[in-house]
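Student: Mind looking at a prediction? Sequence and model below.
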Amino acid sequence: MNIAVVGTGYVGLVTGTCLAEMGNHVVCIDIDENKVNKMRNGIIPIYEPHLDNLFERNIKQGRLVFSTNLQDAVDHANVIFLALPTPPGEDGSADLKYILGVADDLGKRLKDYAIIIDKSTVPVGTADRVSEAISANFKGDFDVVSNPEFLREGFAVDDFMKPDRVVIGTNSERAKKILEELFKPFVRQGNPILFMDERSAEMTKYAANSFLATKITFMNEIANLCERVGADVDSVRIGIGSDTRIGNRFLFPGIGYGGSCFPKDVQALVKTAAEHGSDIQILNAVMKVNEEQKTVLAPIISDYFSGDLTGKRIAIWGLAFKPDTDDIREAPALYMIEKLIELGATIKAYDPEAMSNVQTTIGNKIEYAIDPYDAAQNADALVVCTEWSVFRTPDFDVLAENLNNKVIFDGRNLYNPEKMKELGFYYKSIGRKTIS
């Protein structure tokens, strides 16, 4: 098929590249001319494991091209994905100006039947608003479909190529037939293509992300309680995770969730509920708890140093909101850094992929290390904020030589407390006994 994808962020670029990999001819549209020129030259603008090989191959074979002109999307394709940002507004609701702006523009350009697909995470009722924007300028046949993405950054390629399910919101039989053909190659192992109405598809995305955010936050609350009552959160996690009604995923405690999806989507669903006279109390609690959890270690670090971090050097391992991405949106590490600096500490940080993004965001408020051990050089303590694989089995002898004090505050529970005891470290993690 001939496909167009408008927007080349994480979702748009993965969507376009993976559709091209299945033999479709895809044009990706973005208003950023510099970014488009780089992509035309094979330079991928984001870090996402395994995307680079597909990206390069499909450009080389002519199935993946890039443009800044929306008319190219209309001329090339009758299936057009909208993968545009929906940032939170000041009131927490999703800002639809980019999506509705493109919809209005498409209405002025369409000449024949097209399927317009909302791939972005959008509030319930957005498909109707997109349809209204298009029909204001185009009186021909078209369908607006909701096809929410369920991609995990760091695993996005695999998630797209082998999805658990494909959700398609449409009541159009014409659109159903075309999109079933488009997505059938991705579900050859029998995973379902779920057809439903547009509003249910939009709600499915918000409900899924909000439930996962709630699951993470619940486990963080249990971890904090475990510390107070002397229980071990790892044992509790395994105990409840073996219950098939609960499952063992998203039960790892830590210093909160971040990223482009969970914070924004939980907030947007709460706002949508309020607009319809409903108060989702559990999600208000999730947001409050997660905000506090991001800096839960800061007062503990301060207490360790007798309440005074002035002049203390703190090493930070991990800046991205999760491993295998360079995305720092709502990353707990940034909140931790801000709090530690406020308390008087100086910071030297290392992350395998996200340092340039952090430097662009906060500049030289912190130092940037060339490797994990460089970050630890002459530091008074190490704080682990992201569970990158490279941090899981460090050389503790080298680490001890570099640190001024054998002190680790582990926000991701990477290490075994008993091993840390044998090695002579002070070790504080989340929901487990402190080794001192």
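Tutor: Arrived safely. Numbers count the residues shown, from 1 in each chain.

Student: what about the residue nearest to Arg109 when sequence neighbours are not counted, which helix or strand?
Tutor: Excluding its sequence neighbours, the residue lying closest to Arg109 (Cβ to Cβ, 6 or more residues apart in numbering) is Val74, at 4.5 Å. C-beta here means a position set from N, CA and C on the backbone, and glycine is covered the same way. Taking DSSP states H and E as the definition, one finds Val74 inside helix 70-76.

Student: mind listing what's buried in that helix?
Tutor: Leu70, Asp72, Ala73, Val74, His76 (16 or more other Cβ atoms under 10 Å).

Student: Which elements pack onto that helix?
Tutor: For helix 70-76, the elements it packs on are strand 2-6, strand 25-29, helix 97-109, judged by 3 or more Cβ pairs under 8 Å, 6 or more residues apart in numbering; DSSP states H and E.

Student: so can I have CSV of those showing mean pLDDT, distance to Gly411 and mean neighbour count?
Tutor: CSV is the format used below for the helices and strands packed on helix 70-76 (pLDDT from 0 to 100; distance: least, Cβ to Cβ, whole Å; neighbours: other Cβ atoms under 10 Å):
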stretch, mean pLDDT, distance to Gly411, mean neighbour count
strand 2-6, 98, 36, 25
strand 25-29, 97, 36, 24
helix 97-109, 96, 34, 19
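
Student: Compare the ones you listed and report which one is nearest to Tyr426.
Tutor: helix 97-109 (48.3 Å; Cβ to Cβ).

Student: that older thread, quick one: name whatever helix or strand follows the helix holding Val74.
Tutor: strand 79-82.

Student: what packs against that following strand?
Tutor: So strand 79-82, by 3+ Cβ pairs under 8 Å, 6+ apart, packs with strand 2-6, helix 10-21, helix 97-109, strand 114-118, helix 173-183.

Student: I'd say Leu309 and Leu340 touch.
Tutor: Yes - the pair Leu309 / Leu340 is scored as a contact, 6.6 Å apart, by Cβ atoms under 8 Å.

Student: list the residues that contact both of these two?
Tutor: Ile301 (Cβ atoms under 8 Å, 6 or more residues apart in numbering).

Student: contacting residues for the spatially closest residue to Met355 that is not a sequence neighbour?
Tutor: Nearest in space to Met355, with sequence neighbours left out and distances taken as Cβ to Cβ, 6+ apart, is Tyr368 at 5.0 Å. Tyr368 is in contact with Lys348, Ala349, Tyr350, Met355, Val358, Gln359, counting by Cβ under 8 Å, 6+ apart.

Student: List only buried entries from those.
Tutor: Counted by 16+ other Cβ under 10 Å, the contacts of Tyr368 give Lys348, Ala349, Tyr350, Met355, Val358 as buried.

Student: Which ones among the residues you listed lie within helices?
Tutor: Met355, Val358 (DSSP state H).

Student: follow-up on the earlier one: can you redo the helices and strands packed on strand 79-82 as TSV with distance to Pro263?
Tutor: As requested, the helices and strands packed on strand 79-82 are arranged in TSV below (distance: least, Cβ to Cβ, whole Å):
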stretch	distance to Pro263
strand 2-6	24
helix 10-21	15
helix 97-109	19
strand 114-118	20
helix 173-183	29
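
Student: To Arg249, which of those lies closest?
Tutor: Comparing those by Cβ to Cβ, helix 10-21 comes nearest, at 20.9 Å.

Student: what residues does the closest one touch?
Tutor: Against helix 10-21 from outside (Cβ under 8 Å, 6+ apart): 3, 5-6, 8, 26, 28, 30, 44-46, 48, 51, 54-55, 57-58, 63-64, 81, 83-84, 119-120, 149, 151, 153, 156-157, 160-161, 182, 260, 327.

Student: Buried residues, that helix. List them.
Tutor: Tyr10, Val11, Gly12, Leu13, Val14, Thr15, Gly16, Thr17, Cys18, Leu19, Ala20, Glu21.

Student: Would you map the helices across the stretch 251-400 of the chain?
Tutor: 262-275, 281-293, 298-304, 332-342, 355-362, 372-376, 396-402 (DSSP state H, counting those that start in this stretch).

Student: Nearest to Asn37 among these would be which one?
Tutor: helix 355-362 (19.3 Å).

Student: Tell me which residues are up against the closest one.
Tutor: In contact with helix 355-362 (Cβ under 8 Å, 6+ apart) are residues Leu319, Asp326, Asp327, Ile328, Leu334, Ile337, Ala349, Asp351, Ile366, Tyr368.

Student: Any idea how far apart the tips of stretch 164-172 sit?
Tutor: 23 Å (Cα to Cα, to the nearest Å).

Student: what's the offset of that stretch from the middle of its chain?
Tutor: 22 Å (Cα atoms, centre = their mean, to the nearest Å).

Student: Stretch 425-433 too?
Tutor: On Cα atoms, centre = their mean, the centre of stretch 425-433 falls 27 Å from that of its chain.

Student: and if you look at stretch 215-226?
Tutor: For stretch 215-226, the distance to the chain centre is 21 Å (Cα atoms, centre = their mean).

Student: Using CSV, list the CA coordinates for it.
Tutor: Taking Å, rounded to 0.1, in the frame of the first residue of the first chain, the C-alpha atoms of stretch 215-226 are listed here in CSV:
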residue,chain,number,x,y,z
LYS,A,215,0.2,-0.6,39.0
ILE,A,216,3.7,1.0,39.2
THR,A,217,2.5,3.5,41.8
PHE,A,218,0.8,0.9,43.9
MET,A,219,4.0,-1.1,44.1
ASN,A,220,6.0,2.0,45.0
GLU,A,221,3.5,2.6,47.9
ILE,A,222,3.9,-1.0,49.0
ALA,A,223,7.7,-0.7,48.8
ASN,A,224,7.7,2.4,51.0
LEU,A,225,5.5,0.6,53.5
CYS,A,226,7.8,-2.5,53.4
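
Student: I'd like the mean pLDDT over that stretch, please.
Tutor: Mean per-residue pLDDT for stretch 215-226: 98.

Student: who touches that stretch?
Tutor: Contacts for stretch 215-226 (Cβ under 8 Å, 6+ apart): 231-233, 236-237, 250-254, 256-257, 262, 285-286, 289-290, 293, 296, 430-432.

Student: Weed out the non-buried ones from those.
Tutor: 231, 233, 236-237, 250-254, 256-257, 262, 286, 289-290, 293, 296, 430-432.
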